[in-house]
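Asker: sequence-free structure coming up:
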């Protein structure tokens, strides 16, 4: 991780933790787990072009793992609401050794997931947004359009930090405790409805669990 990436990330952690969600960028182990469905696809098919969606790329830790799996005709659309992260990513895709080779295939949108174009379809969707930080309504507003945009045979992944939600619910009181319970219930409903498998990633700070969704034939 470059010094500039660390600076960009930690400058937002201090002033805008709700949008960053973590205490440091995702580790390469978490990033690789998030991109695993695309990696598996490329093992069996190295030619067919695909469209990829990433929600909340931040400074690009998971974006880099995605790009290492991309073919020459693939397209990656990244939706990010944090203006500083957007500025950093726009610069990074021109000079980063992993991102630059596929710079022409990446489109950075300064917009939330809710602004996904209706009818836009993707073969792979990756949610890098800090769902632990959001209320139930925001979680639904992110996941509903994202998962609706995945093609019938497509795959989506998201992650959540383990321990944090339970700890926050334990010590929270009143309205906050109710909001945290509602948020956890919202996430659980999506996992029950669409989830296929999960993977624990301990080599991340904090440890995380990656959830895989799809296929979406009956969504």
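Answerer: Looks like it came in fine. Worth saying up front: this structure is predicted, and the values here are computed from it rather than measured.

Asker: could you pull out the strands for the protein?
Answerer: With DSSP state E, the ranges of strands along the chain come out as 51-55, 75-80, 106-110, 122-127, 150-161, 195-201, 208-213.

Asker: which stretch in these is the model least sure about?
Answerer: Note on the strands of the chain: strand 195-201 shows the lowest mean pLDDT, a mean of 89.

Asker: longest helix of the protein?
Answerer: Ranked by residue count, the top helix of the chain under DSSP state H comes out as helix 174-194.

Asker: for it, what is the average pLDDT?
Answerer: Mean per-residue pLDDT for helix 174-194: 84.

Asker: follow-up on the earlier one: got the strands of the chain as a markdown table, with distance to residue 139 columns?
Answerer: Every C-beta, even on glycine, is put in place using the N, C-alpha and C of the backbone. Below are the strands of the chain laid out as a markdown table (distance: least, C-beta to C-beta, whole Å):
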| stretch | distance to residue 139 |
| --- | --- |
| strand 51-55 | 12 |
| strand 75-80 | 15 |
| strand 106-110 | 20 |
| strand 122-127 | 10 |
| strand 150-161 | 10 |
| strand 195-201 | 14 |
| strand 208-213 | 13 |
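
Asker: Could you dump the ones you listed into JSON lines and include mean neighbour count and distance to residue 97?
Answerer: Below are those laid out as JSON lines (neighbours: other C-beta atoms under 10 Å; distance: least, C-beta to C-beta, whole Å):
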{"stretch": "strand 51-55", "mean neighbour count": "24", "distance to residue 97": "19"}
{"stretch": "strand 75-80", "mean neighbour count": "24", "distance to residue 97": "17"}
{"stretch": "strand 106-110", "mean neighbour count": "18", "distance to residue 97": "14"}
{"stretch": "strand 122-127", "mean neighbour count": "26", "distance to residue 97": "21"}
{"stretch": "strand 150-161", "mean neighbour count": "21", "distance to residue 97": "24"}
{"stretch": "strand 195-201", "mean neighbour count": "14", "distance to residue 97": "24"}
{"stretch": "strand 208-213", "mean neighbour count": "21", "distance to residue 97": "25"}
